[in-house]
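In: The following comprises the amino acid sequence and a computationally predicted model.
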Amino acid sequence: MIELVWLIPIFPLIGFLINGLMGRRFSEKTIGWIGAGSVGASFLMALLILNELLHMAPESRSIQKIVYSWIWSGDLNVPFGFLVDPLSMIMMMVVSGVGCIIHIYSIGYMHGEIGFRRYFAYLNLFVFNMLILVSANNFLLMFVGWEGVGLCSYLLIGYYYEKKSASDAGKKAFVVNRVGDFGFLLGMFLIFTVFGTFNFVDVFAVAPQKLTQGGLLVTLITLLLFVGATGKSAQIPLYTWLPDAMEGPTPVSALIHAATMVTAGVYMVSRCSVMFAMAPISLTVVAIIGGLTALFAATIGMTQFDIKRVLAYSTISQLGYMFMACGVGAFASGIFHLMTHAFFKALLFMAAGSVMHAMSGELDMRKMGDLRKKLPYTHWTYLFGTLAIAGIFPFAGFFSKDEILYYALQKNVIYWIFGAVAAIMTSFYMFRSVFMTFYGKSRVEPDVAHHLHESPPLMTVPLMILAFLSLVGGLVGIPVIEGGHVFGDFLGPVFQPAKAILDHGAHHAGHHSVTAELILMGVSLAIAIAGLLIARFMYITSPETPGRIVERFAGLHRLVFNKYWIDELYDFLFVNSIVEFSKFLWKKFDEAVVDGAVNGVAAVVRTFGSVLRLLQTGLVKDYALSILVGAMVVIGYLLLR
């Protein structure tokens, strides 16, 4: 079955081609189920391959499948090949599984849209590229998928291209990611220069011999790769595109934030764990950027009123946790949180879409309230997602986030403080969204209130599936039970080389304390409950309190509410300066030099022609006179010799 791994990305590609080329002939229902069915087929194939992989010995769970020789030129030999190992299988399961659920939900959500066929074609292409990215056995093929998801994000974020804010958001995502991709490309070039190959297995096998532990070269390679990761996974300083990505349809937001695109950076850093383990400076940078991003984005999320933007900043924050895990050497924990986050973040976005569906597209939580009575399924599933992301026991986020905080504390207490403060903020702003949307006094406009209704089963059933996964998804990683961390044990062989390097560098292996883990689990739970209680007090018990706080700290609130004016700063430093420099080149170089040179040549020719045309009078006597004068000049010249 592993021999057929190439079918996993091919199924969505087939769906893209069918809907893209022949979709005009099909009904809306047929288009939707072709799109969802193709991704579902990928999930079933991934499930069969995972089952085969589980029956193999742990040390044998790394198989390369070469389909054909893709690029062969001199010393460069790049096959179109796939790597089947625990890490790639986890990612393929998440991408295809969650992606299939989002496709099914989209059938109901996008019903009646003019661009229905185009939407599902793009969505299938998105999943295809992400599956190529996570299953590739070499950097170059990974980069094809990397750029492919960048293209699809541009197409889907700007899906409503006639709306200026949507087209601008698509362009912003595309341009910001190009900045990160430039770093990724430089890192790839360095890798090929040093190793002479792009193959993951070959590079990581000889990295300890080819590169010096803590050396300049390995540090430069990993930092350049991380630049690419900050773009794709929206970390400081390249995070600004993700909040604006809300301009696309809500299922697109769910796909980007949960299963594709933003998880690519975390996956890439984890895949390169051996090289990052050899670069302590790079690991420190990854941990600091991750921790700061988790905290920074959480502060902004506390002040937003657009329900999708709250979720967008929560994604940036949760991705920060994943990178912080990688930075402290807990790569398996970062992937664990990536998986659980895929469940509850897809759920939250889709539940928010269900709210929008009922509210005629309204996003402002100040115009909601008391919706739980009209939208019971949406309310309960959104609540499940909130309990998971806040880290309430026994929901999935409790286990994965607690594990990251545990390893962060082992590495450096500063990292733990970043994570803990971000955790209480996350709990607060997520329960704030619950209380403002589903509880309290109704603030729904009268013309919208009488249209309130629960979403159809095509939307609510996917919500229930994800709510169930958000509840039980963390049970595969129970750290305090011997053998209970099935997820970590499964990924163990992938990260064992990196762990060996890190343990050797520390001169000892980290000692796992069950007591310390239990205490930290209790602290994490207390933090999450504290955020819940604060939100309940401010938005249910004493709803006038937020207004008084805003009034008292007006300047600080304005700063955070306006996202620290980072977008405006970037516009001033980069966007506007580039525009002004372009205008300078246009006026001073293009018009003055390039156009001036061309126009100058034309002017000389025109002037010369204007003089010569005087000789062309059309009168025979003038021409006879010219011949006579010419003959006299020639004769005179000859006589004078």
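Out: Received the coordinates, thanks. Numbers count the residues shown, from 1 in each chain.
In: you'd agree Ile307 is up against Ala351?
Out: No. At 9.5 Å, Ile307 does not count as touching Ala351 under the criterion of CB atoms under 8 Å. Every residue, glycine included, has its C-beta placed from N, CA and C.
In: So between these two, which is more surrounded?
Out: Ala351 (32 against 26; other CB atoms under 10 Å).
In: ok so the more buried one is a strand residue?
Out: No. Read with DSSP: H, G, I helix; E, B strand; the rest coil, Ala351 is helix and lies in no strand.
In: Next one: it from Trp416, what distance?
Out: 31 Å (CB to CB, to the nearest Å).
In: Neighbours of the residue nearest to Gly477 when sequence neighbours are not counted, how many?
Out: Sequence neighbours aside, Phe487 is the residue nearest to Gly477 in space, at 4.4 Å (criterion: CB to CB, 6 or more residues apart in numbering). Phe487 is flanked by 25 other residues according to other CB under 10 Å.
In: Show me what counts as buried in the longest helix seen in the chain.
Out: Criterion DSSP state H: the longest helix present in the chain is helix 164-195. Along helix 164-195, these residues count as buried under the neighbour rule (16 or more other CB atoms under 10 Å): 166-167, 169-170, 172-174, 176-177, 179-181, 183-188, 190-192, 194-195.
In: dump the residue contacts of the residue nearest to Gly477.
Out: Counting by CB atoms under 8 Å, 6 or more residues apart in numbering, Phe487 touches 332, 336, 339, 476-477.
In: Please report the distance of it from Asn177.
Out: Following CB to CB, the distance that separates Phe487 from Asn177 is 30 Å.
In: quick one: the strands in this protein?
Out: Remark: strands assigned in the chain by DSSP state E are 63-73, 76-84.
In: isn't Ala279 right up against Gly214?
Out: Yes. With contact defined as CB under 8 Å, Ala279 counts as touching Gly214 (6.7 Å).
In: And these two? Which one has more around it.
Out: Higher neighbour count among Ala279 and Gly214: Ala279, with 26 against 13, using other CB under 10 Å.
In: Need the buried ones from the contacts of Phe487 selected in ChimeraX.
Out: In ChimeraX syntax, the buried subset of the contacts of Phe487 is picked out as below (16+ other CB under 10 Å):
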select :332,336,339,476,477
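In: Look up how far Phe398 lies from the residue nearest to Gly477.
Out: Distance from Phe487 to Phe398, by CB to CB: 14 Å.
In: can you check Met356 too?
Out: For Met356, the distance to Phe398 - CB to CB - is 28 Å.
In: quick one, what contacts the residue nearest to the spatial centre of the chain?
Out: Centroid check for the chain by CA atoms, centre = their mean gives Val262 as the closest residue, at 2.1 Å. Applying CB under 8 Å, 6+ apart, we find Val262 in contact with 232-234, 242, 256, 315, 319.
In: What of Val134?
Out: Neighbouring residues of Val134 by CB under 8 Å, 6+ apart: 88, 91-92, 95, 145, 264, 267.
In: redo that, cut-off 6 Å
Out: Listed by CB atoms under 6 Å, 6 or more residues apart in numbering, the contact partners of Val134 are 88, 91-92, 267.
In: Take those and lay them out in JSON lines including distance to Thr250.
Out: Supplementary listing: those in JSON lines, determined by distance: CB to CB, whole Å:
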{"residue": "Ser88", "distance to Thr250": "29"}
{"residue": "Met91", "distance to Thr250": "23"}
{"residue": "Met92", "distance to Thr250": "24"}
{"residue": "Tyr267", "distance to Thr250": "24"}
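In: what about Glu59, how many residues close to it?
Out: If you count neighbours by other CB under 10 Å, Glu59 ends up with 8.
In: Who's the closest spatial neighbour of it, skipping the chain neighbours?
Out: In space, and not counting its chain neighbours, Glu59 is closest to Pro493: 6.2 Å by CB to CB, 6+ apart.
In: neighbours of that neighbour, just the number please.
Out: The tally of other residues near Pro493 (other CB under 10 Å) stands at 17.
In: biggest separation within the contacts of Val262, which pair?
Out: Lys232 and Thr315 (12.6 Å; CB to CB).
In: so what's the residue nearest to Glu59 scoring on pLDDT?
Out: As predicted, Pro493 sits at a pLDDT of 94.
In: isn't His557 right up against Glu551?
Out: No. Counting by CB atoms under 6 Å, His557 does not reach Glu551; the two are 8.7 Å apart.
In: So which of these two has more stuff around it?
Out: His557 (16 against 9).
In: so what pLDDT did the more buried one get?
Out: 94.
In: same check, this time on Phe343
Out: So, for Phe343, pLDDT stands at 96.
In: which non-adjacent residue is nearest it?
Out: Closest to Phe343 by CB to CB, 6+ apart is Leu469, at 4.1 Å.
In: cool, and Ser524?
Out: Leaving out its chain neighbours, the residue that sits closest to Ser524 by CB to CB, 6+ apart is Asp402, at 4.4 Å.
In: how deep is the one you found tucked in, by neighbour count?
Out: For Asp402, the neighbour count with other CB under 10 Å is 27.
In: Ok, Pro249 next?
Out: A count of neighbours around Pro249, defined by other CB under 10 Å, yields 23.
In: count of neighbours near Phe116?
Out: Phe116: 21 surrounding residues under other CB under 10 Å.
In: My error: substitute Gly150 in the last question.
Out: Neighbours of Gly150 using other CB under 10 Å come to 22.
In: roughly how far apart are it and Met268?
Out: For Gly150 relative to Met268 (CB to CB), the value is 13 Å.
In: Now do Met92 against Val144, distance only.
Out: 16 Å.
In: before we move on, the earlier item: any chance of the contacts of Val262 in a markdown table, plus pLDDT and neighbour count?
Out: Shown next, in a markdown table, are the contacts of Val262 (pLDDT from 0 to 100; neighbours: other CB atoms under 10 Å):
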| residue | pLDDT | neighbour count |
| --- | --- | --- |
| Lys232 | 94 | 28 |
| Ser233 | 94 | 30 |
| Ala234 | 93 | 31 |
| Leu242 | 94 | 29 |
| Ile256 | 93 | 29 |
| Thr315 | 96 | 27 |
| Leu319 | 96 | 32 |
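In: picking up where we left off before, so which of Met92 and Val144 has more stuff around it?
Out: Met92 (26 against 14).
In: I'd guessed that one sits against Ala46; true?
Out: Yes. Counting by CB under 6 Å, Met92 touches Ala46, with 4.5 Å between them.
In: got any residues that touch both of the two?
Out: Contact criterion CB under 6 Å, 6+ apart; residues shared by Met92 and Ala46: Ile8.
In: and Gly32, what does it touch?
Out: Residues near Gly32 by CB under 6 Å, 6+ apart: Ile107.
In: quick one: it from Phe589, how far?
Out: 52 Å.
In: Give me the buried positions along stretch 432-451.
Out: For stretch 432-451, the buried set under the neighbour-count rule, 16+ other CB under 10 Å, comprises 432-439, 444.
In: To clarify, my last question referred to stretch 201-209.
Out: By neighbour count on 16+ other CB under 10 Å, the buried set for stretch 201-209 is 203-204, 207-208.
In: so which of these comes closest to Asn599?
Out: Val203 (54.6 Å).
In: Find the nearest non-adjacent residue to that closest one, please.
Out: Nearest non-adjacent residue to Val203 (CB to CB, 6+ apart): Phe195, at 4.9 Å.
In: repeat for Gly112
Out: Per CB to CB, 6+ apart, closest to Gly112 is Glu28, 8.0 Å.
In: didn't that neighbour look like it was pressed against Phe116?
Out: Yes. If you go by CB under 6 Å, Glu28 and Phe116 touch, sitting 5.4 Å apart.
In: Run the chain-centre distance for stretch 538-549.
Out: Centroid displacement of stretch 538-549 relative to its chain, using CA atoms, centre = their mean, to the nearest Å, is 35 Å.
In: what do you get for stretch 332-342?
Out: 15 Å.
In: Numbering from 4 from now on, please.
Out: With 4 as the first residue, the last one maps to stretch 335-345.
In: List the buried residues of that stretch.
Out: 335-345.
In: So which of these belong to helices?
Out: 335-345.
In: List the contacts of the residue lying closest to Trp383 once chain neighbours are set aside.
Out: Spatially, and ignoring its direct neighbours in sequence, Trp383 is nearest to Ala470 (7.2 Å; CB to CB, 6+ apart). Applying CB under 6 Å, 6+ apart, we find Ala470 in contact with 350, 384, 387.
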